[in-house]
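[1] What would the 3D arrangement of this be:
(2 chains)
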Amino acid sequence: MGYFELIISCIFVNNILLAQFLGNCPFLGTSKKMETAVGMSMAVVFVMVMAGVITWVIYNWILVPTNLTYLRTIAFILVIASLVQFVEMFLKKSIPALYAGLGIFLPLITTNCAVMGACVLNIDKEFNFLEALVASFAYAVGFGLALVLFAGVREKTLLARVPKPLQDTSIALVTAGVISLSFFAFKGMV
Amino acid sequence: MLTAVLIMLAIGATCGIVLSVASKVFYVWEDPRIAEIEYHMAGANCGGCGFAGCSAAAVAVVAGKAQPSVCIVAGVESALGIAAVMGVDPGSAEPIKSINECLGGDRADDKFAYNGVQSCRAMAALFGGKRVCTVGCIGYGDCIKSCQFDAIDMGPDGYPVVNEIKCVGCGACEKACPKNIITVRTMSERLLHFNEEDDALAPCRQTCPAEINIPQYIAQIRDGDYAEAVNTIRERNPLLLACGRVCPHPCEDYCRRGIEDEPVSINQLKRFAADWEMNSGKRIPVACAPDTDKKIAVVGGGPAGLSAAFFLRRLGHSVTIFEAMPELGGIVRYGIPEYRCPQKTLAWEIQGILDLGIEAHLNTRLGVDFSIESLQADGFDAIFLGIGAWDDYKLGVDGEDLDGSYKGIPFLSSVAAGKEVKVGKKAAVIGGGNSAIDCVRTLVRLGVEEVYIVYRRTRKEMPANEVEIVAAEHEGIKFQFLAAPTRVVGDENGRVTHLEYLQMELGEPDASGRRRPVPIEGSETLLEIDNLITAIGQRPTVDFVEKEKILENLGITRWNTIDNDPETLQSTLPFIYTGGDSATGASLVVEAIGGGRRAARSIHQFLTGEEVKGAEKSLRKRHIPVSLFTSVDGVVQKKRTEMPELPVEERIRSMVEVDLVISEKDARYESNRCLSCCRICYNKDKEAA
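    Residues are numbered from 1 along each chain as shown, chains lettered A, B, ... in the order given. Next up is the predicted model:
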């Protein structure tokens, strides 16, 4: 599979939010305003690429040689949590502007299952290093795409006449379902 | 199994070590007080304070943007702890309060029908809301939903009302409001706000040079809340007793009721509220921001200087006034006669301003007793020059300096200072402004039997206030219109005996739009007089400029006024600001008061290290076109309250105040005539509906 197909597959066909259903809490929590949705997407791109690469290294260079692949989940959690902390400190010192821009989203990602999911998928599909890097990036872009699309739709639903029992999160979940269905149109492309 | 444990330990240890090294390498210095303050907070990261988490709130406290009581959850103990860390009294920081500016946008008509979601934000996305009014409250209460402290309720008139006691100033409502209607500001920020194009402003409020919130204080008088009415006025005008008496109320010319009926008597209502405070025997406390360590010298204790001093003091700065005359008050004290604004009243008002903690040096004149350099040497960070315009223009005719002739301002100030002024049986005053009228009415009270006012145009062109002209007519002043003085005739002792003048007729309109008087050849007439007073306008005295090298670059205009930026009132020297008559030439008291506040705003910016600049969309007495109507629906004629005054026979014998204050009943009636306008909406008279 070429890199182009890999990217298309990760962004559209196997979109981490709408096809794999990972990372639903930020999907609902940060999609009320376009501004926050964009901020969250940027932070996810940043962290997911870093996490994807480092966990691939941990897994293939440490866990596989020592036959400890069953420690994957616990090791990845530890590494991702530390990584986010590290990135936060690094940005605060080196790129204060980016730090201020990502703001509260960075620490939120510590417990984002989409990040964990992308790392595990990289391993399950037995990607090599470069493939893992590209796939992580594409998954993150797919996450951002879905989140921004969803925020746009949610801003518009504000204007619609929504029956009382369906207002706010309920209608958001229905909308998410419809968007997810529309993404199923990509099924079978790659 | 052992390897598994070891590997996990190794990964864990590596992560730990990397993080601890990183925390040293990427260490960013933070004020240690931030951590201390965070310790005193609840640590719930609830966001109830309006900041993104406790650490953000702690940063805001250290930056001075939040008060020690910011943490809502932790309560009083936390506030005390934080105050101790910051070294301030708990609660001495300025409270931030939310205020709703719109008093009923639902009065405006609907543009379209809409039955969708009940949310202001959604509504604002549809062509800015369904109402015709573009600035007003949408009325779905997004602010109410956003308030976590239950401090906002939908009032009975369909607009949200903030409960000041419950409000903690978190700012959530301001963020929720899609318009600029609900604002969360400190007192200082409100004091320094100038009218802007986007504000919700009634026509009267756009016109007032001091930008007083006129509809608000009238509504407060209507509700019987006179103390709040006084506070509303004082937010913009510290000389309400004086202004309530002498202001020519340009606001009333733009009163919307005036289009169909007589305008609301706004100034009498102001005087009513001001007199109510004075007669209540108790001063309403005036809040000041916490002290700063900045010192400001205010040169000139007239309306402009007092206003600048008042607002700067309320912003927490330390202010010293330097006044050349023996008493404060400037032209209001020395140029406006006792019968219009009694000295006792003015003194009471000025004492209230000084009581805020302002020092005043009397009998000290700039350029004689002190200089700009000496002020700088004494540690003053900025200087406000409000030296007024006291130099009467000369007539420029022969004999005007003969014995028995006076200039307007020296004459009025001698009388005001209680000096004996010798007058004869007949006197003439040249000029058509308020000073000229003040002179003639003062002459009558000094016992002069025949008093003439000599003016080169007609009554219609007189710049004096209409009420003043009418009062002068009642008091038996003889008006000699269309007369241009050509010569003052004296006897062998050098005493004035006659004034010679040329009769005029009106010709083509000149630049000011008034028809230019043209002399009639050979129409010289002699008027027999014992005294002559010239009151044809004044200009500032700026001779102090030549005495100091530092003032070389202080710009002076060709009208002898001090040059300044009309928006910031900063002179050509960055630390000198100027307002009032010394900047505008002789003008209204209320204009000087507005200037004092405008200068205070710039000085505050200058002292706090901000860029000195005006508001971006500053209105500066321009009108918002959409708010000016040509006809007003739903107005029923209601008679304007008459000004109560002393009978003529009684008043011309003494300097006792002529105009009286209206009764409480009349004030309630008059305040009910107000249509409570904003930009385009207003309350229609109930009888009309």
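
[2] separation between residue B:372 and chain A?
    43 Å (Cβ to the nearest Cβ, to the nearest Å). The way it works is simple: take the backbone N, C-alpha and C, and place the C-beta from them, glycine included.

[3] Let me fix that, I meant to ask about residue B:392.
    On the measure of Cβ to the nearest Cβ, residue B:392 and chain A end up 61 Å apart.

[4] Please apply the same query to residue B:351.
    50 Å.

[5] Dihedrals phi and psi, that residue?
    phi -60, psi -40 (degrees, to the nearest 10).

[6] What is the neighbour count of it?
    Other residues near residue B:351 number 11, with proximity taken as other Cβ atoms under 10 Å in any protein chain shown.

[7] which residue packs closest to residue B:300, ignoring adjacent ones?
    Nearest non-adjacent residue to residue B:300, counting by Cβ to Cβ, 6 or more residues apart in numbering or on different chains: residue B:386, 3.9 Å away.

[8] swap in residue A:34?
    In space, residue A:34 is closest to residue A:151, 4.9 Å off (Cβ to Cβ, 6+ apart).

[9] Tell me which residues touch the one you found, please.
    By Cβ atoms under 8 Å, 6 or more residues apart in numbering or on different chains, the contact set of residue A:151 is A:30-34, A:36-37.

[10] which of the residues you listed are buried?
    Buried members of those, scored by 16 or more other Cβ atoms under 10 Å in any protein chain shown, are A:30-32, A:36-37.

[11] Go through these and name the one nearest chain B.
    residue A:32 (10.4 Å; Cβ to the nearest Cβ).

[12] Assumed the closest one was part of a helix.
    No: per DSSP: H, G, I helix; E, B strand; the rest coil, residue A:32 lies outside any helix segment and is coil.

[13] roughly how far apart are it and residue B:475?
    As defined by Cβ to Cβ, to the nearest Å, residue A:32 lies at a distance of 71 Å from residue B:475.

[14] Next: residue B:3.
    112 Å.

[15] Let me know the secondary structure of the residue nearest to residue A:34.
    Criterion first, three-state DSSP; result for residue A:151: helix.

[16] ok so, going back, output the buried ones among the contacts of residue A:151 in JSON lines, with distance to chain B and pLDDT appended to each entry.
    Converted to JSON lines, the buried ones among the contacts of residue A:151 look like this (distance: Cβ to the nearest Cβ, whole Å; pLDDT from 0 to 100):
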{"residue": "A:30", "distance to chain B": "13", "pLDDT": "79"}
{"residue": "A:31", "distance to chain B": "15", "pLDDT": "83"}
{"residue": "A:32", "distance to chain B": "10", "pLDDT": "79"}
{"residue": "A:36", "distance to chain B": "12", "pLDDT": "77"}
{"residue": "A:37", "distance to chain B": "16", "pLDDT": "84"}
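
[17] Run through the bridge partners of residue B:183.
    Using DSSP bridges, the beta-bridge partners of residue B:183 come out as residue B:99.

[18] pLDDT below threshold where in chain B?
    B:44-50, B:52, B:72-73, B:75-76, B:88-95, B:105, B:688-689 (pLDDT under 70).

[19] how about the residues of it near chain A?
    B:3-4, B:7-8, B:11-12, B:15-16, B:18-19, B:22-23, B:25-28, B:52-53, B:115-117, B:119, B:121-122, B:125-126 (Cβ under 8 Å from any Cβ of the partner chain).

[20] Show me just the buried residues among those.
    For the residues of chain B next to chain A, buried by 16+ other Cβ under 10 Å: B:7, B:11, B:15, B:22, B:53, B:117, B:119, B:121-122.

[21] As CSV, those residues with distance to residue B:541 and secondary structure would be great.
    Formatted as CSV, those follow (distance: Cβ to Cβ, whole Å; DSSP: H, G, I helix; E, B strand; the rest coil):
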residue, distance to residue B:541, secondary structure
B:7, 90, helix
B:11, 84, helix
B:15, 78, helix
B:22, 69, helix
B:53, 60, helix
B:117, 66, coil
B:119, 61, coil
B:121, 58, helix
B:122, 62, helix
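
[22] Much appreciated, bye for now.
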